[in-house]
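**Q** Curious how this folds, go ahead:
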Amino acid sequence: MSALEDVLQALRTAVGKIDEARDGLSTAKDRWEERGEMLAGCLYGTNDPDAQEVLASQGVTSEAMYVVREQLGAVQRRIEQYQKQLGSAEAPTPTGAGGMPPAESKPISNFHGDAYPPEAAGLIEQLPKRVTPNNNERTVGVARLGDKLFPPDAFRARSRVVGEGA
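**A** Reported below is the predicted structural model:
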């Protein structure tokens, strides 16, 4: 194996480990939020300062897990871009019918587990969980003004409910 092949293999391994870490963070975040809802129900109305601190830490911790998952996704995309650069130096691009490179069809997913085409890589982390039809789930929307969220804390404060699911 050449040095370049060794580097490419190490990068593939890193991407795989990042995938595992991101999946683990998604699971942990979901479980943390479930735990938070249960705690909020149990501690509703309490004046105990320790209980209030625990409740306050729920959202902060959940947001931190989201941010770390996003950062790992950004690192993963950079590694994948670097892999493509190195891979194109290693061998010519394979061609499909008509001399065009074959399309990448492996879907990517956000922290909710929703699958999207690779072209959506920069956008999927901003999207809320997809609504399951006939499940009475709420649909949400995030207002934007140009390329900025409006109001600026709209995503962090969770999107406004705009209607019931289809």
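**Q** Could I get the phi/psi values of the residue nearest to residue 129 when sequence neighbours are not counted?
**A** In this structure, residue 129 finds its nearest non-sequential neighbour in residue 112, 4.0 Å apart by CB to CB, 6 or more residues apart in numbering. For the C-beta atoms, the positions are set from N, CA and C on the backbone; glycine is no exception. When read as degrees, to the nearest 10, the backbone of residue 112 gives phi -80, psi -10.
**Q** Just confirm residue 112 contacts residue 26, I think it does.
**A** Yes: using CB atoms under 8 Å, residue 112 is in contact with residue 26, at 7.4 Å.
**Q** Tell me which of these two has more neighbours.
**A** The neighbour count for residue 112 versus residue 26, taken as other CB atoms under 10 Å, is higher for residue 26 (18 against 14).
**Q** mind listing what the more buried one touches?
**A** By CB atoms under 8 Å, 6 or more residues apart in numbering, the contact set of residue 26 is 69, 111, 112, 113.
**Q** Kindly provide the distance from it to residue 32.
**A** Per CB to CB, to the nearest Å, residue 26 is found 11 Å from residue 32.
**Q** next one: residue 41
**A** For residue 41, the distance to residue 32 - CB to CB - is 15 Å.
**Q** Pull the residues that contact stretch 111-122.
**A** 22, 25-26, 29, 66, 69, 77, 104, 106-110, 123-125, 127-130.
**Q** mind listing what's buried in it?
**A** Neighbour counts over stretch 111-122 (16 or more other CB atoms under 10 Å) mark residue 111 as buried.
**Q** All the strands of this protein, residue numbers only.
**A** Assigned by DSSP state E, the strands in the chain fall at 108-109, 115-116, 138-141, 144-145, 148-149, 160-164.
**Q** By mean pLDDT, show me the worst of the ones you listed.
**A** Among those, strand 160-164 carries the lowest mean pLDDT, a mean of 45.
**Q** Domain map for the protein?
**A** The chain breaks down by automatic domain parsing into domains covering 1-93+110-127, 129-166.
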